[in-house]
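A.B. asks: with the input below, show me the fold.
(one chain, ligands or ions: 3)
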Amino acid sequence: MEIRVRMRRTRFYRSPFQYVSTPANSYGNRREYRSEKKMKQVSLVDIGIIIVGILGWLGAVSVNAEDPYLYYNWEVTYGTVSPLGYPQQGILINGQFPGPTIDAVTNYNIVVNVINKLDEPFLITWNGIKQRRTSWQDGVEGTNCQIPPNSNWTYKFQLKDQIGTYNYFASTKLHRIAGAFGALNIEQRSVISKPYPEPAADFTLLVHDWFKTNHKVLRRLLDAGKPLPFPDAILINGQKDSSVFTGEKGKTYKIRVSNVGIATSINFRIQGHKMKLIEVEGAHTMQEEYESLDVHVGQSIAVLVTLDGPLQDYYMVASTRFSKTVLNTTATLRYSGSNKKASGPLPAGPTYQIHWSMKQARTMRLNLTANAARPNPQGSFHYGTIPITRTIVLANSEGVINNKLRYGVNGISHANPPTPLKLADWFNIAGVFDLNTIKDTPPPAATPLRLGASVIGLTLHDFVEIIFLNNENSVQSWHMDGSSFYVVGFGSGSWSPDMRKRYNLVDGVSRHTVQVYPKSWSAILVSLDNKGMWNLRSAIWSRRYLGQELYLRVWNNEQSLYTEANPPQNLLLCAKAKHLH
Ligand SMILES: *[C@@H]1O[C@H](CO)[C@@H](O)[C@H](O)[C@H]1NC(C)=O
Ligand SMILES: *[C@@H]1O[C@H](CO)[C@@H](O)[C@H](O)[C@H]1NC(C)=O
Ligand SMILES: *[C@@H]1O[C@H](CO)[C@@H](O)[C@H](O)[C@H]1NC(C)=O
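C.D. replies: Ligands and ions are numbered 1, 2, ... in the order given. Okay, here's the model as predicted:
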């Protein structure tokens with residue numbers, strides 16, 4: 001019966017974003033892959049990556065045995081970095097800051113052996129990678145035991161049905177602010193047409209804030225219940241005012257920009273050049289032109305830029321948004337052969353214009369006829385016509401618990417139990433969490449925050465409306481693991497069911513991280529088609545560190561390898577799960 005229901009869904013709501021789990025569909029996939037195999041073998045040499053054979057086995061089951069594997073060994077160490085011109089302690093991956101870029105193609109399998117040479121437990125999470133069927137690999141404290149110092153753990157996951165601009169970062173402590181992050185780009189398969197001409201090359205820009213103070217000192221501040229200071233600088237790819245990207249005059253380049261910072265929204269722009277937006281976190285957008293674009297904490301965009309100016313260098317600028325102090329950083333867009341340095345004032349960007357930002361956000365729309373990871377158009381999933389099974393209203397707040405600053409959602413400040421929620425759930429370990437701690441709506445105003453383990457129970461294939469309510473004066477940024485969602489509305493003030501009339505139910509962009517403006521709300525719709533324990537978190541890291549996060553338990557009682565992989569053989573066990581095997 002369950003199978004029949006799901007097969008009907010598949011026929012009506014075929015989505016490029018959706019993990020469709022029926023056997024019928026995986027048969028379809030296999031045919032698609034076969035026709036593409038020859039082309040792939042040619043292109044592998046070009047991209048110069050090591051693909052160590054094709055294994056027929058990943059985890060417990062593999063329906064896509066023919067997809068290539070990329071293998072990485074990553075050693076995580078402390079090291080010295082000098083982005084501001086003097087040495088500081090950073091966290092390096094294979095000696096690099098930022099860490100190595102993963103350049104992959106849709107459906108590639110990724111195997112990363114993380115060797116932790118720090119003096120603290122460590123985890124990496126893959127921001128925006130949906131981890132279809134593999135909540136086990138999500139790399140957050142609610143899903144994984146941490147990798148102890150001087151040991152290693154190997155992640156294995158597939159970039160199933162995804163394209164676009166992503167990144168990864170350390171999810172533990174404040175490791176990511178010391179540099180433990182990198183880019184993860186997923187190219188479209190060559191058999192699927194792109195909605196834009198092939199660019200001459202890709203440039204990847206990771207924009208991030210930076211602190212003069214050591215990350216352990218900053219962490220002690222948070223542990224003592226004090227806020228973090230404002231960042232001292234923003235950097236592009238670990239450098240201040242010194243990255244250079246060189247292209248040929250007349251050609252068009254794809255520029256990927258991710259805000260991998262922890263604190264501030266940024267605005268990005270290029271002197272003398274317009275940017276054509278082509279992608280937002282894995283969705284192809286209507287290709288509008290922009291002078292500058294806001295990228296909030298945790299978000300990614302990709303734009304096309306044609307080098308159509310006089311032959312010289314130009315500034316690429318990122319500046320902080322909604323902040324009293326405006327921090328700027330530049331990189332250089334160099335026309336090959338240029339001997340004229342970028343000069344003149346930096347192109348100006350918005351600094352506090354919230355309304356401007358909200359208006360711009362509404363212009364980011366899904367191109368309904370474009371393909372993404374699958375040959376069927378993105379718009380074939382008519383999200384606006386699907387009945388909503390549940391509405392959840394989540395309000396962020398700041399409070400004090402035991403005389404210390406904390407942040408929370410619906411009155412609960414999340415504290416991770418020592419036993420990962422996912423393990424407690426899978427192995428039925430009692431006393432770790434329950435589904436009654438956090439409610440679907442905020443408590444009455446002035447209810448004091450309390451500590452708890454926040455898990456919302458949902459059923460596989462629920463179609464959920466989530467309203468993020470922000471009654472505070474600062475911009476929020478919310479990220480969801482496991483699924484992307486449709487952003488259907490932004491509004492000022494308070495939300496009421498009446499606001500649904502204003503929703504964009506046709507071409508709202510699908511993404512994994514959404515901003516919520518001060519004293520405003522943002523609304524999303526999400527099809528929960530991926531079983532697992534998924535982190536819904538503030539991307540603003542001090543807030544998340546002090547409790548502004550929760551987990552979505554997406555579940556049904558049918559145990560099937562089509563909907564969820566078994567725990568990997570190398571599963572780390574800890575706390576109350578330590579003695580299981
Ligand atoms: C640790 O690394 C070794 C290879 O250096 C590998 O054989 C082993 O499987 C890794 N351990 C885990 C738990 O992934
Ligand atoms: C930094 O950027 C802001 C916003 O565009 C601008 O107001 C300010 O003048 C810039 N600072 C410098 C040094 O260019
Ligand atoms: C939408 O995608 C189609 C490809 O299906 C492309 O031809 C078209 O230019 C795109 N439209 C916009 C406005 O980006």
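A.B. asks: mind checking how far the residue of the stretch 401-550 of the chain found nearest ligand 3 is from ligand 2?
C.D. replies: Of all residues in the stretch 401-550 of the chain, residue 507 sits closest to ligand 3, at 10.4 Å by C-beta to the nearest ligand atom. Where you see a C-beta, it was placed from the backbone N, CA and C, and this is true even at glycine. For residue 507, the distance to ligand 2 (C-beta to the nearest ligand atom, to the nearest Å) stands at 30 Å.
A.B. asks: from memory that residue sits against residue 368, does it?
C.D. replies: Yes: using C-beta atoms under 8 Å, residue 507 is in contact with residue 368, at 5.6 Å.
A.B. asks: circling back: so what's the residue of the stretch 401-550 of the chain closest to ligand 3 up against?
C.D. replies: Taking C-beta atoms under 8 Å, 6 or more residues apart in numbering, we find residue 507 in contact with 286, 365, 366, 367, 368, 379.
A.B. asks: repeat that with 6 Å
C.D. replies: By C-beta atoms under 6 Å, 6 or more residues apart in numbering, the contact set of residue 507 is 365, 366, 368.
A.B. asks: how near is residue 111 to ligand 3?
C.D. replies: Distance of residue 111 to ligand 3, given as C-beta to the nearest ligand atom: 34 Å.
A.B. asks: my guess is residue 256 is in a strand, correct?
C.D. replies: Yes: membership of residue 256 in a strand is supported by DSSP: H, G, I helix; E, B strand; the rest coil.
A.B. asks: so which residues on the stretch 351-500 of the chain come close to ligand 2?
C.D. replies: Within reach of ligand 2 by C-beta under 6 Å from any ligand atom, the stretch 351-500 of the chain has these residues: residue 351.
A.B. asks: strands of the stretch 201-350 of the chain, start to end?
C.D. replies: Secondary structure of the stretch 201-350 of the chain (DSSP state E, counting those that start in this stretch): strands at 202-210, 233-236, 244-247, 252-259, 266-270, 275-280, 283-284, 289-290, 292-295, 300-306, 313-320, 328-335.
A.B. asks: run through the neighbouring helices and strands of the longest one.
C.D. replies: When contacts are defined as 3 or more C-beta pairs under 6 Å, 6 or more residues apart in numbering; DSSP states H and E, strand 202-210 sits against strand 233-236, strand 252-259.
A.B. asks: mind doing that once more with 7 Å?
C.D. replies: Secondary-structure packing of strand 202-210 (3 or more C-beta pairs under 7 Å, 6 or more residues apart in numbering; DSSP states H and E): strand 181-187, strand 233-236, strand 252-259.
A.B. asks: now render the ones you listed as TSV, adding distance to residue 242, mean pLDDT and mean neighbour count.
C.D. replies: TSV is the format used below for the helices and strands packed on strand 202-210 (distance: least, C-beta to C-beta, whole Å; pLDDT from 0 to 100; neighbours: other C-beta atoms under 10 Å):
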stretch	distance to residue 242	mean pLDDT	mean neighbour count
strand 181-187	18	98	23
strand 233-236	9	98	23
strand 252-259	17	98	23
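A.B. asks: and of these, who's closest to ligand 3?
C.D. replies: Closest among these, using C-beta to the nearest ligand atom: strand 252-259, at 14.1 Å.
A.B. asks: next, the angle from the closest one to strand 313-320.
C.D. replies: Per axes from the mean of the first three to the mean of the last three C-alpha atoms, to 10 degrees, the angle that strand 252-259 makes with strand 313-320 is 20 degrees.
A.B. asks: outside of strand 252-259, which residues touch it?
C.D. replies: By C-beta atoms under 7 Å, 6 or more residues apart in numbering, the residues outside strand 252-259 that reach it are 165, 167, 183, 185, 197, 199-207, 247, 266, 268, 295-306.
A.B. asks: how far does that strand sit from the chain's center?
C.D. replies: 16 Å (C-alpha atoms, centre = their mean, to the nearest Å).
A.B. asks: neighbouring strands of that strand in the sheet, and parallel or not?
C.D. replies: Take DSSP bridges as the rule and strand 252-259 pairs in its sheet with strand 202-210 (parallel), strand 300-306 (antiparallel).
A.B. asks: among those, which is nearest ligand 2?
C.D. replies: Closest approach to ligand 2 among the strands paired with strand 252-259 (C-beta to the nearest ligand atom): strand 202-210, 13.5 Å.
A.B. asks: name the residues that touch the closest one?
C.D. replies: Under C-beta under 7 Å, 6+ apart, the answer for strand 202-210 is 83, 98, 101, 167, 181, 183, 185, 231-237, 245, 253-264, 266, 268, 318, 331.
A.B. asks: number of nearby residues for the residue of the stretch 51-200 of the chain found nearest ligand 2?
C.D. replies: Residue of the stretch 51-200 of the chain nearest ligand 2, by C-beta to the nearest ligand atom: residue 84 (15.8 Å). Using other C-beta atoms under 10 Å, residue 84 has 15 neighbouring residues.
A.B. asks: same check on residue 72?
C.D. replies: Counted with other C-beta under 10 Å, residue 72 comes out at 18.
A.B. asks: quick one: it and ligand 1, what's the gap?
C.D. replies: 12 Å.
A.B. asks: find the nearest non-adjacent residue to that residue, please.
C.D. replies: In space, residue 72 comes closest to residue 112 once its chain neighbours are excluded; the distance is 4.6 Å by C-beta to C-beta, 6 or more residues apart in numbering.
A.B. asks: that neighbour: helix or strand, and which one exactly?
C.D. replies: Taking DSSP states H and E as the definition, residue 112 sits inside strand 109-116.
A.B. asks: ok, and does that strand reach over to ligand 1?
C.D. replies: Yes: using C-beta under 6 Å from any ligand atom, strand 109-116 reaches ligand 1 at residue 113.
A.B. asks: for this structure, give me the ranges with low pLDDT.
C.D. replies: 1-65, 581 (pLDDT under 70).
A.B. asks: run the last query once more with 50
C.D. replies: Low-confidence segments of the chain (pLDDT under 50): 1-63.
A.B. asks: which residue of it lies farthest from its centroid?
C.D. replies: residue 339 (38.1 Å; C-alpha atoms, centre = their mean).
A.B. asks: sorry, back to before: could the strands of the stretch 201-350 of the chain be laid out in TSV, adding distance to residue 402?
C.D. replies: Shown next, in TSV, are these (distance: least, C-beta to C-beta, whole Å):
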stretch	distance to residue 402
strand 202-210	29
strand 233-236	33
strand 244-247	48
strand 252-259	32
strand 266-270	34
strand 275-280	40
strand 283-284	42
strand 289-290	46
strand 292-295	36
strand 300-306	37
strand 313-320	32
strand 328-335	38
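A.B. asks: close to ligand 3: what parts of this protein are there?
C.D. replies: So far as C-beta under 6 Å from any ligand atom goes, the chain lies against ligand 3 at 195, 286, 287, 367, 369, 370.
A.B. asks: list the contacts of the last one.
C.D. replies: In this case it means residue 370. Counting by C-beta under 7 Å, 6+ apart, residue 370 makes contact with 195, 284, 377, 378.
A.B. asks: what's the local residue count around residue 532?
C.D. replies: 31.
A.B. asks: any idea how far it is from residue 247?
C.D. replies: Separation of residue 532 from residue 247 (C-beta to C-beta, to the nearest Å) stands at 41 Å.
A.B. asks: what's the helix or strand for the residue in the stretch 151-300 of the chain that ligand 1 sits nearest to?
C.D. replies: Residue of the stretch 151-300 of the chain nearest ligand 1, by C-beta to the nearest ligand atom: residue 154 (3.3 Å). Element membership of residue 154, judged by DSSP H and E, is strand 151-158.
A.B. asks: so what strands line up beside the helix or strand just after that strand?
C.D. replies: Downstream of strand 151-158, the next assigned helix or strand under DSSP H and E is strand 164-170. Strand pairing for strand 164-170, determined by DSSP bridges: strand 124-127 (antiparallel), strand 181-187 (antiparallel).
A.B. asks: can you lay out the ones you listed as CSV showing distance to residue 561?
C.D. replies: Listed next are these as CSV, based on distance: least, C-beta to C-beta, whole Å:
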stretch, distance to residue 561
strand 124-127, 21
strand 181-187, 24
